[in-house]
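A.B. asks: Predicted model, plus sequence, below.
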Amino acid sequence: MSKRTFRSPHHTISDVALVGGGTFPQPGEISLAHNGVLFLDELPEFKRSVLEVLRQPLEDRKISISRAKFTIDYPASFMLVAAMNPCPCGYYNHPEKECVCSPGSIQKYLNRISGPLLDRIDMHIEIIPVPFEKLSTMSSAEKSASIRERVIRTRKIQEERFSGIKDVHCNAQMSSSLLRKYTVLNSDCNKLLKIAMEKLHLSARAYDKILKVARTIADMAESEEIKTEHLAEAINYRSLDREGWIN
């Protein structure tokens, strides 16, 4: 293979097509996306049963297909990227257009994605619609090439960090013991994280995700220590974990 895979199945996909299986078991989309990206557009439109089967491979980075006479393990170490509207009409929190959905319909729409699945997604980012003035501006943005260089530099830092550890190449793959070793927080960071856990009612899994993201943000800044600004940014990337998000 000369490049990382990118898989983007339609939301009508079946459980078997996503995870693999069949009379003569074949790998599904999550295994075809191994070491690449699995992109799920319109996430709440996927069947609940399809989304729930993602939970185990996101944790274990493999999928086990069991049949009466045998069991097969397929690799499934993929990066999950998903996109969704904030509500059925798509205008909740829009700066100019009014949302016509009731609070109950918005909550029902968001409830199509379970809490345990959201817990397994490292970052939740709310995108505000871009106004015409910014779309039509000719001002230059940061070039993709420079962003790519920064990412490569950050990945190299992580590869060196985990060079002697089997099957661990980046911060996202850290176990609990590695997390305690490489994400030591100072007193200010501990205080900030405690407040966030209590006020936002975050889970233990979200706690681990925040530390991993904060470690990566610190790596991108080429900082040995996780600082409060790195941690605060990581906490801000857990928007869908917040209770009463639609209020």
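C.D. replies: Looks like it arrived, so ask away.
A.B. asks: So, low pLDDT: which residues of the chain?
C.D. replies: Across the chain, the ranges flagged by pLDDT under 70 are 1, 138, 241-247.
A.B. asks: which residue lies farthest from the center of it?
C.D. replies: Taking CA atoms, centre = their mean as the measure, the residue most remote from the mean C-alpha position of the chain is residue 69, 35.2 Å away.
A.B. asks: Distance check, that one against residue 21.
C.D. replies: Residue 69 sits at a distance of 14 Å from residue 21 (criterion: CB to CB, to the nearest Å). Glycine gets a C-beta too; all of them are placed from N, C-alpha and C.
A.B. asks: Closest to the geometric centre of this protein, which residue is that? Let me know.
C.D. replies: residue 121 (3.3 Å).
A.B. asks: Tell me who's in contact with the closest residue to that residue other than its chain neighbours.
C.D. replies: Closest residue in space to residue 121, ignoring its immediate chain neighbours: residue 80 at 6.6 Å, by CB to CB, 6 or more residues apart in numbering. Contacts for residue 80 (CB atoms under 8 Å, 6 or more residues apart in numbering) come out as 38, 40, 54, 58, 121.
A.B. asks: buried subset of these?
C.D. replies: 38, 40, 54, 58, 121 (16 or more other CB atoms under 10 Å).
A.B. asks: Adding secondary structure and distance to residue 94, write the residues you listed out as a markdown table.
C.D. replies: Shown next, in a markdown table, are those (DSSP: H, G, I helix; E, B strand; the rest coil; distance: CB to CB, whole Å):
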| residue | secondary structure | distance to residue 94 |
| --- | --- | --- |
| 38 | strand | 28 |
| 40 | strand | 23 |
| 54 | coil | 29 |
| 58 | helix | 31 |
| 121 | coil | 23 |
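A.B. asks: which one among those residues gets closest to residue 112?
C.D. replies: Each of the buried ones among the contacts of residue 80 was scored against residue 112 by CB to CB, and residue 40 proved nearest at 12.3 Å.
A.B. asks: Any idea how many residues pack against the closest residue to the closest one other than its chain neighbours?
C.D. replies: Of all residues not flanking residue 40 in the chain, residue 82 sits nearest, at 4.4 Å (CB to CB, 6+ apart). Residue 82 has 19 neighbouring residues, counting by other CB atoms under 10 Å.
A.B. asks: could you list every residue that touches residue 82?
C.D. replies: Counted by CB under 8 Å, 6+ apart, residue 82 has contacts 39, 40, 41, 43, 121.
A.B. asks: redo that, cut-off 10 Å
C.D. replies: Residues near residue 82 by CB atoms under 10 Å, 6 or more residues apart in numbering: 38-44, 46, 51, 54, 113, 117-118, 121, 124.
A.B. asks: Only whichever of the residues you listed are buried, select them in PyMOL.
C.D. replies: To isolate the buried ones among these in PyMOL, judged by 16+ other CB under 10 Å, type:
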select buried, resi 38+39+40+43+44+46+51+54+113+117+118+121+124
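A.B. asks: so of the contacts of residue 82, which ones are in helices?
C.D. replies: Counting by DSSP state H, the part of the contacts of residue 82 found in helices is 51, 117, 118.
A.B. asks: Once you drop chain neighbours, what's closest to the first one?
C.D. replies: I take that to be residue 51. residue 117 (5.8 Å).
A.B. asks: residues in contact with the one you found?
C.D. replies: For residue 117, the contact set (CB under 10 Å, 6+ apart) comprises 43, 48, 51, 52, 53, 54, 55, 58, 80, 82.
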